[in-house]
Structure formats: structure tokens, C-alpha cells
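# with the sequence up front, the predicted model follows.
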Amino acid sequence: MLRTILLFSPVFVSLFWAITLMGNQKLQSAPRTFLSWFMILPLICFFTHFLYFAPLHSIYIYFDYPYQFAGSLVLPFYYIYFRLLTVDERFSFKAHARYLVIPAGLATIYCVAASFTPRLEYRTWLFDEKAFPDSPYIQFLTIMRYILRIQYLILVVLTVTGNFLLIRKYGNKAEQFYSDINDGKFNNAKRLNYSIIIICVASFLAVAVGRGLLMPKDTIIYSVWSISTVMLYIIGYMGYKQKPINPTFEPKLIEVSQKESDMSLTGAQKKILQNLLILFDEKKIYLDNQLNIMDIVQAVGTNRTYISSIINHQYNQNFCTFVNNYRLEELKHTLQDNPDYTNDMLAESCGFGSVISLKRAVTSKHGLTMGDWKKQILN
């Protein structure tokens with residue numbers, strides 16, 4: 001009974017996060033949405049493992065094809081997820097196909113070869129790698145299986161290394177997705193990468209040992225599947241914690257004059273802009289440190305794209321910068337009126353989620369440390 005529960009636990013966790021991360025449209029962002037898609041891949045992999053070890057071999061044979069694709073694409077998908085956290089605006093096949101084409105191509109070759117293999121040979125070989133050693137079809141499938149395993153190891157190295165390079169160069173952007181909750185020196189982004197490292201190492205050791213040898217070894221299964229379940233839960237939870245406001249990636253900003261900007265707005269857009277300014281100038285909605293763009297969408301009664309494009313065109317800013325500029329102006333006046341306020345008090349009273357969020361905004365806007373900027377304002 002315990003064996004069955006442990007075998008199914010990563011399946012349940014993956015399914016849970018695939019659904020949960022798509023559930024709240026207010027909190028949606030490109031990385032969060034993509035992570036929900038990513039969770040489908042470990043779901044397929046671990047469900048296929050469950051069928052093998054249950055054992056439910058009569059059902060397993062129908063999942064070998066999707067398993068090969070899911071196993072080949074899970075690491076490239078995770079790397080793309082990191083790119084969405086750091087440098088890419090959104091997922092697109094045109095931009096990200098280069099990370100998927102080789103793994104998908106090798107999985108396709110395997111599946112095509114398997115489809116041409118006599119059914120009896122293929123089904124027997126799935127559960128006994130030594131079966132039909134003289135069959136050219138089985139020999140080719142055996143070679144492909146080793147190639148896919150080597151590819152997995154290579155992808156582990158490339159994904160982990162690529163993620164660390166992204167963290168080193170753009171970790172500040174990734175961390176801003178958590179800036180309203182729990183700031184740190186890239187701790188959240190690093191934690192995500194460490195989680196996938198642990199899963200990869202555990203999975204690779206299991207693959208290296210081989211399913212046939214794992215079948216009777218409950219201790220190894222308990223360890224690998226427990227570790228994978230915990231790490232998948234952490235990855236999903238970290239995605240669940242993300243906020244859509246920081247950073248908000250927008251289309252490339254276009255420099256326009258104020259006159260041209262005013263002339264380009266339609267009557268409906270001017271009305272939206274007027275309502276937006278009422279929220280910020282009069283109601284000071286930016287003082288809410290949990291504010292995100294969907295709150296504005298609901299208050300104004302339009303959609304996210306409209307809000308983003310109007311701010312972009314009218315102020316040559318994205319939503320994140322627009323909000324932080326209001327908070328920085330509030331910070332300036334608050335500091336002048338209360339020079340004895342600590343950074344914690346300033347952050348709380350001006351709408352920043354934390355002191356680190358406040359310091360980031362000051363440095364990004366003025367190119368100064370918080371201490372130097374305070375001296376400049378007070379002098």
C-alpha cells in the first residue's frame with residue numbers, strides 16, 4: 001500500500017499544480033502559466049512509472065510514446081521557464097523552438113522505430129531489455145534508448161548551467177516576481193534551480209540503475225519518489241507565490257512626444273486613462289503593496305492589454321515602472337516630512353512590499369544607493 005501511495009504521489013502533486021497554477025486569472029503571468037504547462041510533463045513521466053511499477057503493463061504499453069516525449073522535453077521546458085522569469089516576455093514556438101527541436105526529434109525517431117517494430121517484440125522488450133537480441137528492430141530501439149539516456153544527462157548539465165547563468169546575470173528580474181512577499185538575494189530563483197537539480201540527480205540514478213533492477217527494491221523507490229514529490233511541490237509552490245506586477249514585461253517602448261501621445265488616444269482610451277489617473281492621483285491605489293495589474297483592470301473595467309498599451313504609449317513606461325514612480329514620489333515626500341523614518345517604515349508607508357523592493361526601485365530610477373539618495377533628498 002505504501003509503495004503504491006509513494007509511486008502515485010508525484011503524479012498527484014504535478015496534477016494539483018497544473019490545475020492550481022491556472023486557476024486564478026488575476027494572478028496569471030507568463031512564467032506562472034508556462035509552469036502549469038510544465039507540470040504536465042512530470043505528470044506524464046511519473047504516471048508512466050507508476051504503471052510500470054504497479055505493475056499495470058497492459059496499460060503501460062500505451063504510454064511509452066508520450067513518456068519518451070515528456071522525458072525528453074521536461075528539462076528544456078524548465079529552462080524556458082527560467083527564461084520567462086528573467087529575459088523573455090512570453091513563450092512562443094518561434095523563439096523557443098531551438099531548445100525543443102533536438103529532444104523532440106530524438107523522441108520522434110524512437111517512436112517511429114517502435115511503431116515499425118513487430119508488436120510482440122516491442123511489448124516484450126519494454127519489460128525485458130534482453131529479449132530478442134538478434135532483432136534489428138530491437139537493436140535499433142536499444143541504441144535509441146541509450147541515446148535518450150545520454151541526452152537526458154546532457155540536458156541536465158545544460159539546463160542547470162543555463163539557469164545559473166541566467167540567475168547570475170538577470171537574477172534581480174527573477175527575484176522581483178517575489179518582491180511583494182519574500183525578498184532575497186536571488187534566493188527564490190536559486191531554490192528553483194536547486195530543486196530541479198535534486199530531481200534530475202535522483203531520476204538519473206534511477207534510470208542508470210534501470211527499471212528492471214528497481215522493481216524489487218522498495219527502499220530505492222521510496223527514496224527517489226519521495227524526493228521527487230517534495231521537489232515538485234516546492235517548484236509548484238514557488239510558482240504559486242509569484243506576483244504578476246514585478247516585473248511586468250511589456251512590448252518595446254516607443255518614444256513619442258506628449259502631443260503625439262494625446263492625439264493617438266481614442267475617446268475610450270482617454271476615458272480609461274482618466275479613470276486610471278483617478279485611481280493613482282486621488283485614491284493612491286499604489287500604496288497597496290499587494291497591487292497588481294489585474295486589480296487595475298477590475299477597477300477600471302477594461303483588460304490587461306489595454307491598460308499596458310495605454311501606459312506604454314502615454315508615458316513610455318511599463319506598468320511596473322509606472323507604479324513604482326508613484327511610490328517613489330510618495331517616498332520622497334514621506335522622507336522629507338519624516339526624516340527619522342527607518343527604511344522599513346518608509347517601505348510600508350509608500351506601498352513597497354519590502355525594503356529590498358524599495359532599494360531596487362530607488363537604484364533603478366536614480367542610479368543611487370538608498371543611503372546616498374536619502375542624503376540627496378534631505379540636503
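In hand now; what should we look at?
# for the rest of this, base every contact and every neighbour count on C-alpha atoms.
Noted.
# give me the phi and psi for Pro118.
phi -50, psi 140 (degrees, to the nearest 10).
# neighbours of it, how many?
12 (other CA atoms under 10 Å).
# that one and Ile40, how far apart?
30 Å (CA to CA, to the nearest Å).
# so the protein: which segments form each domain?
2-241, 258-378 (automatic domain parsing).
# CA atoms only: put stretch 66-86 into CSV for me.
The C-alpha trace of stretch 66-86 is given here as CSV (Å, rounded to 0.1, in the frame of the first residue of the first chain):
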residue,chain,number,x,y,z
PRO,A,66,4.1,10.1,-24.6
TYR,A,67,6.6,9.2,-21.9
GLN,A,68,9.5,9.5,-24.3
PHE,A,69,8.4,12.9,-25.4
ALA,A,70,7.7,14.1,-21.9
GLY,A,71,11.0,12.8,-20.6
SER,A,72,12.9,14.5,-23.4
LEU,A,73,11.1,17.9,-23.1
VAL,A,74,10.9,18.3,-19.4
LEU,A,75,14.3,19.9,-18.9
PRO,A,76,14.1,22.2,-22.0
PHE,A,77,10.7,23.3,-20.7
TYR,A,78,12.2,24.1,-17.3
TYR,A,79,15.0,26.2,-18.9
ILE,A,80,12.3,28.1,-20.9
TYR,A,81,10.5,28.7,-17.6
PHE,A,82,13.7,30.3,-16.3
ARG,A,83,14.0,32.4,-19.4
LEU,A,84,10.4,33.7,-18.8
LEU,A,85,11.4,34.6,-15.3
THR,A,86,14.4,36.6,-16.5
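# report the rounded mean pLDDT for it.
Mean per-residue pLDDT for stretch 66-86: 92.
# what of stretch 123-136?
90.
# before we move on, what about stretch 287-302?
Stretch 287-302 comes out at a mean pLDDT of 80.
# again with stretch 153-171
Mean per-residue pLDDT for stretch 153-171: 86.
# chain center to it: distance?
14 Å (CA atoms, centre = their mean, to the nearest Å).
# also stretch 343-351?
29 Å.
# next one: stretch 139-158
26 Å.
# list the buried residues of it.
Residues Leu141, Thr142, Met144, Arg145, Leu148, Arg149, Gln151, Tyr152, Leu155, Val156 are the ones in stretch 139-158 that count as buried (16 or more other CA atoms under 10 Å).
# burial measure for Gln68, as a count.
22.
# the one 3 residues further on now?
Applying other CA under 10 Å, we find 21 other residues in the vicinity of Gly71.
# ok, Leu276 next?
Using other CA under 10 Å: Leu276 sits among 20 other residues.
# distance-wise, check it relative to Ser349.
In terms of CA to CA, Leu276 sits 21 Å off from Ser349.
# got it, and Gly23?
Distance from Gly23 to Ser349, by CA to CA: 32 Å.
# who has more neighbours out of these two?
Set side by side, Gly23 and Ser349 show more neighbours around Ser349, with 18 against 13, by other CA under 10 Å.
# ok, longest helix in this structure?
For the chain, the helix reaching the highest residue count under DSSP state H is reported as helix 136-176.
# what helices and strands are in contact with that helix?
Under the contact criterion of 3 or more CA pairs under 8 Å, 6 or more residues apart in numbering; DSSP states H and E, helix 136-176 touches helix 64-86, helix 93-116, helix 119-127, helix 187-209.
# repeat that for 10 Å
The helices and strands touching helix 136-176, judged by 3 or more CA pairs under 10 Å, 6 or more residues apart in numbering; DSSP states H and E, are helix 64-86, helix 93-116, helix 119-127, helix 187-209, helix 355-366.
# name the residues of the shortest one that come out as buried.
Read that as helix 119-127. Buried residues in helix 119-127 (16+ other CA under 10 Å): Glu121, Tyr122, Arg123, Trp125, Leu126.
# just the longest one next, same as before
For helix 93-116, a neighbour-count test (16+ other CA under 10 Å) marks His96, Tyr99, Leu100, Pro103, Ala104, Leu106, Ala107, Tyr110, Cys111, Ala113, Ala114 as buried.
# show me where pLDDT drops low in the stretch 1-150 of the chain?
24-27 (pLDDT under 70).
# nearest residue to Ala54 other than its sequence neighbours?
With CA to CA, 6 or more residues apart in numbering as the measure, Thr4 is the residue that lies nearest to Ala54, at 6.8 Å, once sequence neighbours are left out.
# who's in contact with that neighbour?
Phe50, Phe53, Ala54, Pro55 (CA atoms under 10 Å, 6 or more residues apart in numbering).
# count of neighbours near the third one?
Which is Ala54. 15.
# can you give me the distance of it to Trp125?
18 Å.
# what's the answer for the first one, then?
If you measure Phe50 against Trp125 using CA to CA, the figure is 18 Å.
# ok, the second one next?
Relative to Trp125, Phe53 is positioned 16 Å away (CA to CA).
# which one of the buried residues of stretch 139-158 is nearest to Phe69?
Leu148 (10.3 Å; CA to CA).
# so the closest one sits right up against Ala70, yeah?
No - the pair Leu148 / Ala70 is not scored as a contact, 11.8 Å apart, by CA atoms under 10 Å.
# overlap of the contact sets of the two?
Pro103, Ala107.
# run a quick neighbour tally on Gln376.
Gln376, neighbours per other CA under 10 Å, totals 10.
# cool, Tyr233 as well?
With neighbours defined by other CA under 10 Å, the count for Tyr233 comes to 19.
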